[in-house]
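J.: need a structure here:
(2 chains)
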Amino acid sequence: MNLKVFGLFTLVSIYLSHQTGFAQEQNKKSTKKVVDVTHQDREIIVSVKDRDNFNLLDSVRVVIGIQSKHTLNGVVVFENIGKDSVVLINKPGYYGLVKKLSAGTMQIFLQKSNEAADGSIVNTGLYSRPNSIFSGAAVTVSGTDLRKVNSSSFINALKYFVPALSASRSNLVGGDPNAISDIRLRGANNFAFGAIVANSKTGQKGVQLAPSSADYIASNIFSSGSPVIIMDGVQVSLQTATDFDINSIHSITVLKDAAATAVYGLRGANGVIVIKTIKPQRGLLNVGIISELQIAAADLSSFNVLNAKEKLGIESKAGLYAGDLAPYYAKRYDDAYNKGINTNWLEMPLRQGIGMKHSLSLSGGNDDMVYSVTAAFNDNQGSMKGSSRKTSELGALFGGRIRSFSFDNRFSYLAAVASNSPYGTFNTYTLQNPYWNPYDPETGKTQKILEEITIGGKTINLMNPVYNTTIATKDIADYSRVSNITNLNLVINEKLKLNGNVGISKQMDEVNYFLPPSHTTFADVTADNLFERGHYEYTSNSFMNMEAGLRLDYHNIFGKHEVYATAGQNMIQTSSESTGLIVQGFNVDRLSDIAFGAAYATTKPITGKIITRYASTFANAVYSYANRYQLDLSAANDLHSAIGRNDNSVLFWGVGLSWNVKQESFLESIKWINRLKLRGSLGTTGNQYFLSYLNSTTYNYYTNQQYIPAGTGSGVIGRGLGAYLTSYANPNLKSPETFKQNIGLDVAMLDNRLALNIDLYQQKTSNLILPLISDLSSGFVDYTYYQNQGSIENKGLEFSALGTIYKSDKNNLNWNLRVNGRWNKDEITYLTGYSPSAIWAVPSLGIDSQTGVEMFQKKDGSTTSVWDANDKVLAGDLMPSLMGSFGTDASFRQFSAGIYFNYQLGAKVYNQTLADRVENADVFYNVDRRALMQNWTNTIPTYATTRLVQKDDRIQCSSIMLGYTLPKNLANKIKAKNIGVRCMLNNVFEWGGAEMERGIYYPFQRNYTFSLNANF
Amino acid sequence: MNQKTQQKRGRITILKFGYFVLFSLALIGTGGCSKMLDLPARDKFPQDILFKDEQGFIDALTGIYIGMDKPNNGPTEGLYTNNLTAGMLSIMAYNYTNASSSSASSGLYANASRYNYEDSGVKKEIAGIWAGMYNNIANLNNLLRHIDEKRGLFTRDNFYRVKGEALALRALFHFDLARLFGQPPLTGADAPAIPYITKFDIQTKQFVSLNMAVDSCIADLQSAKTLLSQTDTTALKMGSHDLFSSYTQNHMNYWATQALLARAYQYKGDHTNAIKAAQALIGSNKFPLITTNVASSSNTTRDRLFSQELVFSLYSNKVTNINNSLFNIPNTALTLAATNKDLIYKGSTGSATDYRYISWFDANTPGVNVPSKLFQDAKLPYFLQNNIPLLRISEMYYIAAESAGRAGDLGAALSYLNRVRVSRGLTDLTTTTVIDQEILYDEIMKEYKKEFIQEGQTFLYYKRWNKDLAAVTGTTVIVPKGAYVFPIPDKEIEYNH
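T.: Below is the predicted model:
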């Protein structure tokens, strides 16, 4: 690897050294010319070029004295100039310049003031192309638009704009600020890792037990549908991208089809999300401040538990007090009815989480040098007490330019502290009986034991989960991450550009989890094992990522022909390691330090170390004829350390075609159509998210056994260590391959006030890496052989419509409406032909009104009351068939407002609440209110039945936003460029959906954000 | 712009595009470096690294010796240290008369004593034996696959030693699998028995007949013998250059290979070759029979295993655990009832003077009389500890005796048998009592019963003769049909097609 990096640098320097000479030479020539001109006449020729690509710029306003002219073919000529000594140059979209007037010909370069975030340029992360000639399916969303929808989670905001993106939160983790969504683009391309683990030890072999949160390889193995996230040119994990300040996002581009992702080769199958952060602004000093107040409140609307009196009623009805528990009824009755105890356990662990977020940016610079320093602090407090995620961030960017060579270096430091609530999981509280009092009635202090009962002569203590918060219970994960990205650019001439980049990032994580000895978990530990109480888990892990890339860009126009081409190479090495240990035997409750432990709870610490290497050589070329017909060709030749040795290079390709129908003469006259483009693509991409080392046969040593027949008796010294096989290599292992097809239509009409995009896609992933279940005689007992088998297909249709209903420059009046959606269907095309997210249940014929027993339909059509797993049928799909979003926003004078919705249709869900909290509920603990209707004489438990498979069609109001910007003149009075305030509500409300508890371990939450944004 | 400049520009453009193409090609070219993809796995040993030196091969072989005790994911109770010796096989030979009421290992031994192969515990354990043995074989095959190309790495006689022992172990495992899972040789020598696996890969292997399996064992053993004959065969019970070539009594050494050959020939019914191999061992005088009761309780170096007679014993530091869990416990210890014990040792041609009768049964710590052959006190010299006998010289005398008998030479047969009897404190048998082959074979069986108590070989002896188990063992349980044949594990049947 070092050699490779060195090689890249050498290449860069070779080009550089040559280039410097070349550039100087050119300058010499022009000086000569200047001399010639000055000898002839006192006229001045000004030629203006784009700094980035050295293209001559037209329509640049050039002012000398009282003369004002515009460039034509990049040149403007002035005559009869007075004594004026300065020239002013101005062009919208570029930084203005004032230059000292010099004699003869002046070469002036203009710098673009901001990069387009409107999607007119598609930045694939590896190259940029004008959208008009891009044949792929890609969406670009500006950071400003994202922040209008959600100012804390870019994924939730992006979901609104990109219907292809689904970001689902597990119903278990709910609104936990320390849990991230499972994201995927265009459906499933892979099986979840859990489903493909063939034996428990595999987890230790290919992927670490506790990888760093920055380890994107590991996180993509666990969340196998996740698209690749590229941030400022380097790959990051979703967690890393989420922890970065959303205010620093300039734009996000989502790449979906083959034409857009084929150059990503082995990484492209799940799609790519390219994040660009804001570049510094020119000027002496620009200061940007954003301050936010965030409030999180739990949404308990899906929870409906019984109160004390109801609970006692249902207990007696269910016959709880018939046996051993009979003596406790009177006491409980007294508590509930006479003492009036009715504890709202659901509220016990909850609060209004009040957090703050501050971002500060300082930037400045001129044509030759730019800098910026950013700092951000985000204290995200969750709705459960003690649950929070705090991130701090520091960034520094420095860039410069020497003739045609430019560079920038971006350094960033990111740290996060994720604390989980000492209250434990929320479902503990939904179970507590309301007639139990968490506080001692005498002293008012938190009591440890809620009730002591004796069943069959055995005393059972019912523990108070709140007690654990009074001792040093600890559950904290923290990390710090440092990264540096260097970009080097060399404009060789107006047609060729060379770009090199090097990125290094390193993250160190630590997880501390401590249950003190008097934690309720250890309530049943007997006196003999007293010194086994207490449990401290400590995990330390780190992740290091090194990337280097070199690219050459080419652009040329010959008459009606236009060619864009890029070729380059990327190399990435990741190294990930973790060590975890568990210590038990604590006597101290109030100090949470591993030092107080007695011994390891496990025989030894668990460790894991994984390195991967990846090299990709890619090229893309676009040929456009008269801006009408485009041919887009991509290829990537990839090498990866986890692929089988026999053939470790994989070739991926993509072909795209597009037709700008609007450019045709027959549409020229139709003025109400502004854009009409048809595009299509097909090609292949791969997936690198499978276990490492499946391609090597490995051994391990017996660590606790020796074969030492002679040993001490004879004085012969030696070792009798033994090694045993731990894996069998698959030297033919290939990367899974996704064949993508896409047809799209882009329309803009009525003066660009209505834009419509439709994409029809089909993706088929074959060569999935799955375990081969082998016969025992192969000796594969302790390990599993993985091979390429099986395939998954998904197809669907995406649409997106954006309409400007009203637009007027007067009063800044603007009203937009957006509707988008996606139909999708996933199918495992080998073996089953069903969706990987299918729900399986036995068809129910309803409850027999006579007997109260549920009747089922057997496979052969007959009716039975006996549930049999073999009768299971496909009962629905967890994934919706149609999902998307709609919303509207408007602005008037200084005000702006927006409301945004997400919807899903055609999804089914197994109502786990009805199963666990009603029908199979343990009435000893609190239950869902619907259990009041339950016939408690029926003792047959409810197994998977279609009766509980319910529709989960939902509309969620994901965001309501109100904003106000201070008028310019007022802002200027306090020397500010602009000042704005905004109020935002996220996850406001939800309609529809199955009536079930949502947010089992952590409730979902509503977020209120109030922000102040000022620039000076 | 005139035409000339335009042409020139065109040419320059083409030239530049040419550079671009060259650059792209250069990138693709440099991408071919596959060495950077060969990553060292830091938390495990890739085989390339392990097999880089001689020690790696030795370690891989040592791993198999450790695996003979209990391979990863093998049977719950262990292979040669338990199930295949003192555990399941001894129970099936009715060495412990109270096994059917044992609650040890969740009733595993009780079910095994009833030959209840349908019991989920027994079934799982048998599947574990199968899987564990084949796991060891896979380890051997991978070692054998790499050893020839790395021959240059070896010093002294280590190449012959490692390869020879590996081949002999492969034969040992297959032979035991064939004996356990195959039909009794008298009735099902040509019935499919086991797959004989000589390659480490994912291909499923065909089952071969018992005869073919034993033939393959013999072939492997012959190759092993040739290789091991080139090693130093003297350091059986003494130190040598290094640990690996010392105390080779604990290895599948040259002599053990010969002994196993004798056993395999006999199992196949090739008595001519069986006696040749047995005689080679007897004639070597490497393993002299004991002449006094070295296992006597008055002996300070109490040698219950008669260790000088051991051709191959497995080292295992778990022997004490096994004793403690099965025999050295108060109420649930496995015992051999006194009547059964007396019948075996004192009945007919037996005698209470038999050292084995005197010294192989002891009161355990809680005071229960239990089979104590494997008790190895911590105070004993190191070489008397942690051993599980797998091949012993007495069996060679029995093989020689049986083969001589089959050849019709009763006198020679008795002389082999008598040498063991005398060594055990019994009197000579004469042709006056042993008048024909049947009586000879019966006397040999009696010896097997006495000699191999707690070693499991008796059960396999009965199987070779296809004896009526109930009759020869005296077990009180109803012996089901097919008790001699371990069932092939479901997972093997399901996926081996």
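
J.: Dig out what residue A:513 forms beta bridges with.
T.: Residue A:513 has the following beta-bridge partners by DSSP bridges: residue A:475, residue A:537.

J.: what does the stretch 551-700 of chain A put close to chain B?
T.: Neighbours of chain B within the stretch 551-700 of chain A, by Cβ under 8 Å from any Cβ of the partner chain: A:552, A:554, A:556, A:558, A:565, A:567-569, A:577, A:607-613, A:615-617, A:619, A:637, A:639-641, A:645, A:648-649, A:693, A:696-700. Where C-beta positions appear, they are placed from N, C-alpha and C, glycine not excepted.

J.: List buried residues within the residues you listed.
T.: With neighbours counted by 16 or more other Cβ atoms under 10 Å in any protein chain shown, these contain buried members at A:552, A:554, A:565, A:567-569, A:577, A:607-613, A:615-617, A:619, A:637, A:639-641, A:645, A:648-649, A:693, A:696-700.

J.: OK, contacts around the most centrally placed residue in chain A?
T.: Taking Cα atoms, centre = their mean, the centroid of chain A lies closest to residue A:238, which sits 3.7 Å from it. Residues in contact with residue A:238 (Cβ atoms under 8 Å, 6 or more residues apart in numbering or on different chains) are A:155, A:180-181, A:183, A:216, A:219, A:223, A:226, A:229.

J.: ok, now residue A:309?
T.: A:336-337, A:342.

J.: and it, what element?
T.: Under the criterion of DSSP states H and E, residue A:309 resides in helix A:308-317.

J.: Residue A:379 too?
T.: Residue-wise, residue A:379 maps onto strand A:369-381 under DSSP H and E.

J.: Show me the contact partners of that strand.
T.: So strand A:369-381 is in contact with A:152, A:177, A:245, A:247-248, A:279-280, A:282, A:294, A:296, A:353-365, A:387-401, A:408, going by Cβ under 8 Å, 6+ apart.

J.: Narrow those to just the buried residues.
T.: Judged by 16+ other Cβ under 10 Å, buried ones among the contacts of strand A:369-381: A:152, A:177, A:245, A:247-248, A:279-280, A:282, A:294, A:296, A:353, A:355, A:357-359, A:361-365, A:387-393, A:395-399, A:401, A:408.

J.: Out of those residues, name the ones that lie in strands.
T.: Among the buried ones among the contacts of strand A:369-381, the ones falling in strands (DSSP state E) are A:294, A:296, A:353, A:355, A:357-359, A:361-365, A:388-393, A:395-399, A:401, A:408.

J.: Over to the closest residue to chain A within the stretch 201-350 of chain B. Which of the three states is it?
T.: As assessed by Cβ to the nearest Cβ, chain A sits closest to residue B:243 within the stretch 201-350 of chain B, at 2.6 Å. Residue B:243 carries the three-state label coil when classified by DSSP: H, G, I helix; E, B strand; the rest coil.

J.: quick one: pLDDT of it?
T.: On pLDDT, residue B:243 comes in at 77.

J.: I'd say it and residue A:708 touch.
T.: Yes: Residue B:243 is in contact with residue A:708 according to Cβ atoms under 8 Å; the separation is 6.8 Å.

J.: moving C-terminal of the one helix or strand in chain A whose mean pLDDT sits lowest, what's the next helix or strand?
T.: Here the helix or strand of chain A ranked lowest by mean pLDDT, DSSP states H and E is helix A:2-40, holding a mean of 41. Scanning forward in sequence from helix A:2-40 by DSSP H and E, the next helix or strand is strand A:44-50.

J.: so the strand holding residue A:379 versus strand A:388-402, what angle?
T.: Orientation check (axes from the mean of the first three to the mean of the last three Cα atoms, to 10 degrees): strand A:369-381 against strand A:388-402 gives 170 degrees.

J.: Strand A:369-381: how far from the chain's middle?
T.: 20 Å (Cα atoms, centre = their mean, to the nearest Å).

J.: That strand pairs with which strands?
T.: strand A:353-365 (antiparallel), strand A:388-402 (antiparallel).
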